[in-house]
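Student: let's see this in three dimensions:
(one chain, ligands or ions: 1)
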Amino acid sequence: MTFDRRLKIAPSILSADFAALGAECRAVEEQGADWVHVDVMDGAFVPNLTFGAVAAKAMRPHIRGVMDVHLMVARPDDWIADFVAAGADFITIHPESGPHTHRTLQSIRKAGVKAGLALNPGTGLDGLEWLLDDIDLICVMSVNPGFGGQSFIPSALPKIAAIRNLIADRPIHIEVDGGVVPQNAGAIVAAGADVLVAGSAVFKGGSLAAPDVYGRNIAALRAGAAAG
Ligand SMILES: O=C(CO)[C@@H](O)[C@H](O)COP(=O)(O)O
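Tutor: Model prediction:
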């Protein structure tokens with residue numbers, strides 16, 4: 001996979017119909033999504049429980065492009081091999097989930113998968129510079145992880161800009177996750193992000209019976225990003 005700095009819209013499958021995840025993955029891709037963002041929550045690191053690698057593996061054949069797995073789990077090392085086997089293209093972990101972030105990132109890359117680091121709203125950039133050689137993606141959480149439908153936390157914007165400044169020309173994606181809507185997409189992209197994760201803003205008003213709504217919502221995010 002060559003590095004592509006252009007804007008990517010990554011619908012968060014958390015807002016999809018869980019009874020039809022494969023069809024939902026196909027529908028958002030057909031409607032213009034670039035990546036599919038898969039939210040894995042364990043009920044321990046975050047106060048919500050979604051699904052594990054078995055469900056991700058079942059989704060994989062329905063995703064033609066990038067499967068972007070976000071592990072919101074307490075012990076990511078226990079699960080990396082399963083998500084590699086499930087076919088993840090990116091596996092993103094949290095530094096707040098354990099003391100050996102560098103080792104965990106290395107183990108993801110060693111398995112042939114791109115490694116991501118997600119930063120909670122209250123987590124600073126201390127030590128990030130020492131991880132840059134081992135990172136393919138930095139995910140700025142613009143809500144506290146656990147639930148879809150929350151409001152964007154504005155302090156994410158200067159954080160994105162600081163990360164953009166820090167990584168300079170390195171081939172590292174800056175992804176923003178939580179409360180992304182057309183109205184703030186421009187400011188997020190102007191601050192330096194290239195991947196917009198959006199759950200509610202993509203799935204709202206749509207369904208598998210009306211997937212064109214997903215397409216219109218994705219187009220609105222792109223238009224918002226371009227207007228910024
Ligand atoms: O990981 C998370 C929440 O923990 C996100 O992926 C949200 O699911 C995004 O949802 P919206 O804020 O866009 O509704």
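Student: OK, now which residue of this structure is nearest to the ligand?
Tutor: residue 199 (2.9 Å; Cβ to the nearest ligand atom). Quick note: C-beta positions are derived from backbone N, CA and C, even for glycine.
Student: could you list the low-pLDDT ranges of this protein?
Tutor: Across the chain, nothing is flagged by pLDDT under 70.
Student: ok, 90 please
Tutor: Applying pLDDT under 90 to the chain flags the ranges 1-2, 98-99, 228.
Student: so which residues on it come close to the ligand?
Tutor: For the chain, the residues in contact with the ligand (Cβ under 6 Å from any ligand atom) are 12, 14-15, 37, 39, 70, 143, 145-150, 177-180, 197-201.
Student: quick one, helices of the protein?
Tutor: Remark: helices assigned in the chain by DSSP state H are 21-30, 53-59, 80-85, 101-110, 156-167, 182-191, 200-203, 212-227.
Student: closest to residue 123 out of those helices?
Tutor: helix 156-167 (9.2 Å; Cβ to Cβ).
Student: got the CA coordinates for stretch 88-102 in CSV?
Tutor: Written as CSV, here are the backbone C-alpha positions of stretch 88-102 (Å, rounded to 0.1, in the frame of the first residue of the first chain):
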residue,chain,number,x,y,z
ALA,A,88,-6.7,-5.9,9.2
ASP,A,89,-4.8,-3.4,7.1
PHE,A,90,-4.2,-1.0,10.1
ILE,A,91,-4.3,-1.9,13.8
THR,A,92,-4.5,1.1,16.1
ILE,A,93,-3.8,0.8,19.8
HIS,A,94,-3.9,3.3,22.7
PRO,A,95,-0.8,4.2,24.8
GLU,A,96,-3.1,4.5,27.8
SER,A,97,-3.8,0.7,27.5
GLY,A,98,-0.4,-0.5,28.6
PRO,A,99,3.2,0.5,29.5
HIS,A,100,5.0,-1.0,26.4
THR,A,101,3.5,1.0,23.5
HIS,A,102,6.7,0.8,21.5
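Student: now that stretch: buried residues?
Tutor: Using 16 or more other Cβ atoms under 10 Å as the test for burial, stretch 88-102 gives 88-95, 97-98, 101-102.
Student: swap in stretch 211-228?
Tutor: Buried-residue list, stretch 211-228, by 16+ other Cβ under 10 Å: 211, 213-215, 217-218, 220-222, 224-225.
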